[in-house]
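> All I have is the shape, not the residue letters:
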DNA sequence: ATTTTATATAAAATAATGTTTATATAATCA
DNA sequence: TGATTATATAAACATTATTTTATATAAAAT
């Protein structure tokens, strides 16, 4: 039996889209939707300071949108599939053009870093 | 022939959800999704100052989410069906539980005001 | 014409957010 | 063990958003 996703309160939606509305965080989510990324990779790709990236990831994790996997000194982030807001995340990300120029530029910057 | 909605750039999505992420504005949108409301009705229902309401409506209109109809001294606002972001608006509002307690409370406060 | 009513706008005050700078933690490496 | 690397956290600072207060506009009523 397939259960339809539980509807959210308006405050849950407000909080969810608020944390997603920062341009950097929205792109992070669009990236980690398809696979996990290491913090060091994200810092490289976004050309942003390490603490700034850490703050963004912390907010997304606190809101329950991302999950974290630790391996050695590295931390990998990806969409938390079990999030109560997973449906909200998906429908919003699906509104973004996959050919969006800046998103493609970001993908090009993805370098094979030795954090695997 | 049915054309699928144009995909948005990530910045269009970021700006759209940012303006929707304020709790008051999200509820305004949820209300005006089904019918138009006069400013004076909204001020009553939200128990907020008139200038504050006007600022919220101004932001939603500026972002292209709402349209305005003038009749005499009154202004009525409703969802702009022709907005490039109409699909984004709809999928987000559809995530909100129609039985959300605070949304229902708001509907109860809807008084027949003589602005019709 | 003057006053009232509905709404918007501008400026000031307040609150929230994001970035930087500095420091802490914890794992790995030499 | 001590140094290095990856990341997080905290505090200070800068930026942005929201609310309030005051004023402007424009339609309707007197």
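Cool, got the structure. The model shown is predicted, which means the values in this text are computed figures rather than measured ones. Numbering: from 1, shown residues only, chains lettered A, B, ... in the order given.
> distance between stretch A:85-100 and the chain's centre?
Relative to the centre of its chain, stretch A:85-100 is centred 11 Å away, using Cα atoms, centre = their mean, to the nearest Å.
> List the buried residues in that stretch.
A:85, A:87-89, A:91-93, A:95-96, A:100 (16 or more other Cβ atoms under 10 Å in any protein chain shown). Glycine gets a C-beta too; all of them are placed from N, C-alpha and C.
> JSON lines for the residues you listed, including pLDDT?
Putting these into JSON lines (pLDDT from 0 to 100) gives the following:
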{"residue": "A:85", "pLDDT": "97"}
{"residue": "A:87", "pLDDT": "97"}
{"residue": "A:88", "pLDDT": "98"}
{"residue": "A:89", "pLDDT": "98"}
{"residue": "A:91", "pLDDT": "97"}
{"residue": "A:92", "pLDDT": "98"}
{"residue": "A:93", "pLDDT": "98"}
{"residue": "A:95", "pLDDT": "98"}
{"residue": "A:96", "pLDDT": "98"}
{"residue": "A:100", "pLDDT": "97"}
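> Looking at those residues, which is nearest residue A:46?
residue A:100 (15.1 Å; Cβ to Cβ).
> wait, that closest one sits on residue B:12?
No. In this structure residue A:100 lies outside contact range of residue B:12 using Cβ atoms under 8 Å: 9.2 Å.
> residue contacts, residue A:86?
A:5, A:79-80 (Cβ atoms under 8 Å, 6 or more residues apart in numbering or on different chains).
> ok, and the most crowded of the residues you listed?
Highest neighbour count within these, by other Cβ atoms under 10 Å in any protein chain shown: residue A:79, with 21 neighbours.
> Tell me which residues touch the closest residue to residue A:31 other than its chain neighbours, please.
Distance criterion Cβ to Cβ, 6 or more residues apart in numbering or on different chains; nearest residue to residue A:31, sequence neighbours excluded, is residue A:37 at 6.0 Å. Residue A:37 makes contact with A:31, A:76-78, according to Cβ under 8 Å, 6+ apart.
> Pull the most distant pair out of these.
Across the contacts of residue A:37, no pair lies farther apart than A:31 and A:76, at 12.0 Å, counting by Cβ to Cβ.
> Among these two, which residue is more densely surrounded?
A count of neighbours by other Cβ under 10 Å puts residue A:31 above the other of residue A:31 and residue A:76, at 22 against 19.
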